[in-house]
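>>> Below: sequence and its predicted model.
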Amino acid sequence: MRSIGVGIIGCGMISVNHFHALSKLENAHVTAVCDIDPEKKKSASSQYQVTGYTDYRDMLKDPQVESVHICTPHFLHAEMTIAALQAGKHVLCEKPMGMSIQEAEAMKAAAEKSGKQLTVCFQNRFNGASKRMKEIITKGTLGAFRGGSAFVAWNRGENYYESSPWRGSWQREGGSVLINQAIHTLDLLKYLVGPLQVQSATMSAKRLFSVIETEDTCDMLLVGREGSRVLFYASNCGVSNLPVQMHLTFEAGELHLNGSLLTIRDADGSRMEDYTEALAVGKDYWGSGHGPLIADFYDRLQEGRSPAILPEDAMETMQLLTAAYESESNIRRRKPCRQ
Ligand SMILES: NC(=O)c1ccc[n+]([C@@H]2O[C@H](COP(=O)([O-])OP(=O)(O)OC[C@H]3O[C@@H](n4cnc5c(N)ncnc54)[C@H](O)[C@@H]3O)[C@@H](O)[C@H]2O)c1
């Protein structure tokens, strides 16, 4: 089997998960890296013994690079994805899918025009507990979805924002807790019990307003089929990164997720299943999903199949996000604290 050459753009925090996942594959390998920061480029290219670039447009001319992973700040996702597709490369883009619906649509159109594959990194769909929930819901034994709640209480301090100036900026991050951290939980909800729509949302800066101009807290009400509704709350003001909690109530049972612990209540009673996995690399709140998502992407490319997460699927999550930010725009009227 031929191994696909991969170029990674952006050698910051999350790139480690991409390097690690690719190192485990036989059908894909890293062949080039790119970072605008010459030190980061040098460090990654020498560590992985691959060609290094500081300008991603140069990397896109490299014939060894057949597929590109975009691990850069949010405001660069659309531009880089479209350029890579136009250069004839497949693209695995870190979340979010751009910063607006217009950007996401342009990314999807570029993929269609190029005939290359595009996917977005929602790795939590590949967690053991998520897959089990999807399997149970798809089987239909729990009956119709009635509603539920999702709760993300994480901690991001001043240092997190001060160390990376793109974070906390409307122009470069596009928001904060919702578009960056809680996007995974929103995407998972949509994947499990969608379609959903935002009925109303509130964004606020409760604690981090001295370092960010965006929201550190978001709450919203989502509505679904047959009057179902989901309460959603996310904040970066916690003192630690609590396991994500999700409670889903159905006609004939319930699913309760607490991190990687899944409690199932159905006609057979109540039982808990533990999907905790040893973490090979990265932060525990990123989970272990990058490995299976990236492996699945390359298995499918090799077999000529479309990715599991299609552009139109990722776009639906962008639509929910955008609706939430548009629903509550008060915070945008605040004067930016960064000049
Ligand atoms: N899937 C997840 O769980 C997860 C977790 C963390 C981050 N992310 C996503 O990964 C992306 C990167 O986040 P991060 O935390 O690694 O950020 P980071 O700031 O640590 O890294 C970004 C890197 O991109 C580089 N860069 C910036 N402009 C560039 C350019 N023009 N050309 C080449 N390189 C450039 C920076 O120098 C930096 O090294 C974001 O989209 C973020 O939302 C995803």
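Nice, thanks for sending it over. Numbering: from 1, shown residues only.
>>> Alongside the ligand, which residues does the stretch 151-300 of the chain contribute?
By C-beta under 6 Å from any ligand atom, the residues of the stretch 151-300 of the chain that approach the ligand are 164, 180, 286. All C-beta atoms are positioned from the backbone trio N, CA, C, and that covers glycine.
>>> Can you report how many residues neighbour the second one?
With neighbours defined by other C-beta atoms under 10 Å, the count for residue 180 comes to 19.
>>> what separates the residue of the stretch 1-150 of the chain found nearest the ligand from residue 326, distance-wise?
Here the residue of the stretch 1-150 of the chain nearest the ligand is residue 12; by C-beta to the nearest ligand atom that distance is 1.8 Å. Distance of residue 12 to residue 326, given as C-beta to C-beta, to the nearest Å: 29 Å.
>>> of the two, who's got more company?
Neighbour totals were compared for residue 12 and residue 326, and residue 12 leads with 15 against 11 (other C-beta under 10 Å).
>>> Which residues are in contact with the more buried one?
By C-beta atoms under 8 Å, 6 or more residues apart in numbering, the contact list for residue 12 reads 35, 40, 71-72, 164.
>>> Neighbour-wise, which one of the residues you listed leads?
Neighbours here mean other C-beta under 10 Å. Within those, the largest count is held by residue 71, at 27 neighbours.
>>> Leaving out chain neighbours, which residue sits closest to it?
Nearest residue to residue 71 in three dimensions, chain neighbours excluded: residue 10, at 3.7 Å (C-beta to C-beta, 6 or more residues apart in numbering).
>>> Beta-bridge partners for residue 258, please?
Beta-bridge pairing of residue 258 under DSSP bridges involves residue 245, residue 261.
>>> re the thing from before, now intersect the contacts of residue 12 with the helices, please.
Using DSSP state H, the subset of the contacts of residue 12 located in helices is residue 40.
>>> Looking at the contacts of residue 12, which is nearest residue 99?
Nearest to residue 99 among those: residue 72, at 12.3 Å, using C-beta to C-beta.
>>> Contact partners for the nearest residue to that closest one once chain neighbours are set aside?
Computed as C-beta to C-beta, 6+ apart, the closest residue to residue 72 that is not its neighbour in sequence is residue 10, at 3.7 Å. Contact analysis of residue 10 by C-beta under 8 Å, 6+ apart lists 34-35, 70-73, 76, 94.
>>> what are the pairing partners of the helix or strand where residue 52 lies, and which direction each?
For residue 52, the host element (DSSP states H and E) is strand 51-53. The strands beside strand 51-53 in its sheet (DSSP bridges) come out as strand 28-34 (parallel).
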